[in-house]
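In: how would this look folded up:
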Amino acid sequence: GGVAIEQAAGAIGLNVCNVGMGYNGLSVPIASSSSSTQTALSFVGGLLGGAGAGSTLAMGGGHNKHSDYQDPGASLPGTKPGDGYRPGTGEITSGYGWRVLNGKLEFHEGDDFAPGDGNIYARYDGTVVRADYWAGSGYGNVVIIERLDSPNQYTIDAHTDKILVRKNDPVYAGDIIAKVGHTGGDYASHLHHGEFMILNDRYMYFDPGYKKGK
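Out: Residues are numbered from 1 along each chain as shown. I've put the predicted structure just below:
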């Protein structure tokens, strides 16, 4: 799992970054109620950890200061790879999981899409909870959407150029929500797409399910 790799990297002196594009310690400023958090924990525990309702989930993956991540291949509860509408038309240039970037080992908490047709599409029906420039994050312009069919499950699309939606807007799978851009601390124009839940006031990232080169 990710923790074992992180320990091994530390033993040989590699710098490990646990969040996409090398920005360590990011969090998403969205409030969550304790009841929804506990419901999510029980639900995820049953699906991923083999635990019964109300029990504590033994997470795989690893963690950093503000967020956690599941191992590659672990999708959001109730979601299978390929579900929903593809958020970008370009091929995947960097997938979810461990990678070496500029000589450093890091955990990439999302999938990077080449620009494609230049549009960013909502993967699922939902409500926009954030649509602005995220100062200090390295993500630049972001759109964060809470899924309609799965409360407490979110998508984040980052480094966007022009944002075409506003906070509290309803969106539907396939809607164009933004344009691919080069904002924040990215290295070239692309779409970073991530998916997460809020568990115990921390942000648990999951594998969006797209494969590099596809």
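In: please enumerate the strands of the protein.
Out: Along the chain, the segments classed as strands by DSSP state E run 62-63, 67-69, 92-94, 97-101, 104-108, 111-113, 119-121, 126-134, 140-147, 153-163, 170-171, 176-180, 191-199, 202-206.
In: for the fifth one, buried residues please.
Out: When burial is assessed from 16 or more other C-beta atoms under 10 Å, strand 104-108 yields the following buried residues: Leu105, Glu106, Phe107, His108. Yep, even glycine has a C-beta here, placed from its N, CA and C like the rest.
In: please tell me how far Asp157 sits from Asp71.
Out: The gap separating Asp157 from Asp71 is 23 Å, by C-beta to C-beta, to the nearest Å.
In: low-confidence ranges, this protein, go.
Out: Along the chain, segments meeting pLDDT under 70 span 1-61, 63-66.
In: what's the closest non-adjacent residue to Arg209?
Out: If you look again at residue 209, you'll see it is Gly, not Arg. Pro81 (3.1 Å; C-beta to C-beta, 6 or more residues apart in numbering).
In: number of residues surrounding the one you found?
Out: 11 (other C-beta atoms under 10 Å).
In: contact partners for it?
Out: For Pro81, the set of contacting residues under the criterion of C-beta atoms under 8 Å, 6 or more residues apart in numbering consists of Ser75, Asp207, Gly209, Tyr210.
In: top of these by number of neighbours, please.
Out: Asp207 (24 neighbours).
In: go ahead and confirm that one touches Ala74.
Out: Yes: applying C-beta atoms under 8 Å, one finds Asp207 in contact with Ala74, separated by 5.6 Å.
In: if we can go back for a sec, who has more neighbours, Asp157 and Asp71?
Out: A count of neighbours by other C-beta under 10 Å puts Asp157 above the other of Asp157 and Asp71, at 28 against 20.
In: the more buried one and Ala178, how far apart?
Out: From Asp157 across to Ala178, the span is 6 Å (C-beta to C-beta).
In: mutual contacts of those two, please.
Out: Listed as contacting both Asp157 and Ala178 by C-beta under 8 Å, 6+ apart are Ile120, Val143.
In: and Thr93, what is it in contact with?
Out: Thr93 makes contact with Asp112, Phe113, Ala114, His190, Lys212, according to C-beta under 8 Å, 6+ apart.
In: neighbours of Asp149, how many?
Out: 11.
In: that one contacts Tyr124, correct?
Out: Yes: Asp149 lies in contact with Tyr124 (C-beta under 8 Å); the separation is 6.9 Å.
In: out of the strands of the chain, which is closest to Arg86?
Out: With C-beta to C-beta as the measure, strand 119-121 is the member of the strands of the chain nearest Arg86 (6.8 Å).
In: can you tell me what sits against the closest one?
Out: Applying C-beta under 8 Å, 6+ apart, the set of residues contacting strand 119-121 from outside is 85-89, 143, 157, 160, 173-180, 191.
In: filter those residues to the buried ones?
Out: Applying 16+ other C-beta under 10 Å to the contacts of strand 119-121, the neighbour count classes 86-89, 143, 157, 160, 173, 175, 177-180, 191 as buried.
In: picking up where we left off before, using TSV, lay out the contacts of Pro81 together with distance to Trp134.
Out: Below are those laid out as TSV (distance: C-beta to C-beta, whole Å):
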residue	distance to Trp134
Ser75	25
Asp207	22
Gly209	24
Tyr210	23
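In: closest one of the residues you listed to Ser137?
Out: Taking C-beta to C-beta as the measure, Asp207 is the one of the contacts of Pro81 closest to Ser137, at 21.1 Å.
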